[in-house]
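Below is the sequence, then the predicted model.
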Amino acid sequence: MTKALILSDSEANCRDDHHRELVDGHAEFSDFSERSRARGSRSEHVFLSRLFAELERGNIRYAVMRNYESLPYGVEGSDLDILVAPDSEQRSREVLLRVIETLGAVAIGLAATVGFFKVYVLGPPLSPHGGWWGLRVDVNVGLSFKGAPLVGNAVLNACQKYNDTYVLQAWLAGVLGVLKDILQNNSLPERYLEAAREAVRSDWVAVKQVLEPMGAKALAALRKVIIEGHAGANIRPLCSDIRRHVTWHSLRRRPQQFVRLRILSEWSKIRRCFNPPGIMVAILGTDGVGKSTMIDAIRPVLEEATHNALFTYHLRPSLLPALARLKGVKGTAGVPVPNPHGSRPSGRIGSLFRLTYHILDYFLGYWLEVRPRIARQPAIVLFDRYAYDMALDPRRFRIGLPRGLIWWFTRFAPRPDIIICLYGDPAIVTSRKRELPVREVKRQTIELIRFVEHEPRAVAVSTEGTVEQARDSILTVLKAALAARESNERSAT
């Protein structure tokens, strides 16, 4: 039976009784901008309010580290950066995941290392006028750099209430914002620099007290960078000095603890290579079915959910150059073909070479480019077409081989985590894009439905309705697949 998904209006809007109960207390929304409304901040507001309330109810000491001006109504396109006490790591993770599940949302993935974990959230509408929403949540357990502590236990004493949300005081938020960018990105962020400079000049004693675990040399170097440095200047040598001083101070002060935490930090990266927190998604469908339109429709939500860690490819990774370039013909790999059946298929030897070459590109591209991206963070790698298209439409690739053989070869291409197969009435599809005759579009559509019936990771989604309906169907498919993956991971552990 075909796993087709056609949502009703009520399903597409996710307005079940549970969600209505959750938003009863969040009806007043007159204090934030139209820009926030357009981005689904109503749903963000429900999530953020519930999260902060549950953290406080669980007696978890926390503070939002920066960019809190729009809280709790939304994050204005930023991520949510939270600092929690070291003894609250497990409880804060449990609260975050429980709130996500309670609100009908799902975690795209969770990436954790020593003293830090981040969760990328994808959620359905949580209010009658809300939209699909996404959010990245970074949770700092204390604050450390590769196992070396940066702040003392008193850091959460320097927080205040802002719109019923605990946030760091502005001077400390500025200093820590600069420090994190220096250590992680070798950069001096303009948006935090002025507040950090004012704090260093007016109350250096308070700054030193909070950052005492860094050590005197690292603190002196940090003070120099903040006072004398300029955003955009070459401060890489000074950043390297700060990292080196922090590392050596921690190693001399508590060598056993530092070595243990450093090993755990590196091991967490290795574990993510074997069990990536991110996912690879492929979208299949005939010409004219609306693949590009659907990708453009879901892109804003997925970019918010991953904080711009959304990577798209057309057809293949293109780690290997296009075959036309090997022949000396100028062209661009990965560009849609305006006349897919304009050239005759190659002979059997040439077709076998083409098939092998493309499969090799999928294999190498996955392990050298795609896998590192989804292993580093809960990113989404999205393919517009994939290896299966060589069996669904071999003429496009100038492959003249039996389809059974082509399908066998596609087994060597890494399987996407989710395969979304778009389909529609062949006559309507052909009217949108007249590159292929109706008969060929019908044949490919039938082949695609058969593929869905035999591939557990594939789901068929109709594009015969409005763009919004198809978009909501695709996002619902993604959410359901991510929830199933999370459930399987919990069962395995």
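Structure received.

Which parts of stretch 457-468 count as buried, going by neighbours?
Within stretch 457-468, the residues that count as buried by 16 or more other Cβ atoms under 10 Å are 458-463. All C-beta spots, glycine's among them, are computed from the backbone N, C-alpha and C.

Check stretch 198-206 too.
199-200, 206.

What residue spans form the domains of the chain?
1-142, 148-156+168-274, 279-492 (automatic domain parsing).

now the strands for the stretch 251-400 of the chain?
279-284, 310-314, 380-384 (DSSP state E, counting those that start in this stretch).

got these as TSV, with distance to Tyr68 and mean pLDDT columns?
Formatted as TSV, the strands of the stretch 251-400 of the chain follow (distance: least, Cβ to Cβ, whole Å; pLDDT from 0 to 100):
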stretch	distance to Tyr68	mean pLDDT
strand 279-284	30	98
strand 310-314	25	97
strand 380-384	27	98
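
Contacts for stretch 53-67 next, please.
71, 75-76, 78-85, 88, 91-92, 95, 98-99, 140, 156, 159, 165-168, 173, 176-177, 192 (Cβ atoms under 8 Å, 6 or more residues apart in numbering).

do stretch 475-489 as well
5, 7, 11-12, 105-108, 122-124, 132, 275, 279, 281, 298, 301, 417-418, 420, 457, 459, 461.

switch to 7 Å and redo it
Here stretch 475-489 makes contact (Cβ atoms under 7 Å, 6 or more residues apart in numbering) with 5, 7, 106-108, 122, 124, 132, 298, 301, 418, 420, 459, 461.

Can you tell me which of these is closest to Ala148?
Ala107 (28.4 Å; Cβ to Cβ).

wait, what's in contact with the closest one?
97, 100, 119-121, 486.

Give me the secondary structure label for it.
Taking DSSP: H, G, I helix; E, B strand; the rest coil as the rule, one finds Ala107 in the strand state.

burial of Arg432, as a residue count?
Residues lying near Arg432 (other Cβ atoms under 10 Å) number 14.

Begin at 31 from now on, thanks
With 31 as the first residue, the last one maps to Arg462.

one step back: same list (the buried residues of stretch 228-236) but as a markdown table, adding pLDDT, secondary structure and distance to Ile436.
Formatted as a markdown table, those follow (pLDDT from 0 to 100; DSSP: H, G, I helix; E, B strand; the rest coil; distance: Cβ to Cβ, whole Å):
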| residue | pLDDT | secondary structure | distance to Ile436 |
| --- | --- | --- | --- |
| Ala229 | 94 | helix | 64 |
| Val230 | 95 | helix | 64 |
| Ala236 | 92 | helix | 68 |
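
Dump these into JSON lines; add distance to Lys247 as well.
Converted to JSON lines, these look like this (distance: Cβ to Cβ, whole Å):
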{"residue": "Ala229", "distance to Lys247": "20"}
{"residue": "Val230", "distance to Lys247": "16"}
{"residue": "Ala236", "distance to Lys247": "20"}
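
quick one: which of the residues you listed is nearest Arg166?
Within these, the smallest distance to Arg166 is 26.6 Å, found for Ala229 (Cβ to Cβ).

ok, that closest one touching Ala200?
No: using Cβ atoms under 7 Å, Ala229 makes no contact with Ala200, being 8.3 Å away.

low pLDDT regions in this protein?
Low-confidence segments of the chain (pLDDT under 70): 31-71, 260-263, 358-368, 372, 523.

contacting residues for the residue nearest in space to the middle of it?
Centroid-nearest residue in the chain, with Cα atoms, centre = their mean: Thr336, separated by 2.6 Å. Taking Cβ under 7 Å, 6+ apart, we find Thr336 in contact with 138, 150, 166, 408-410.
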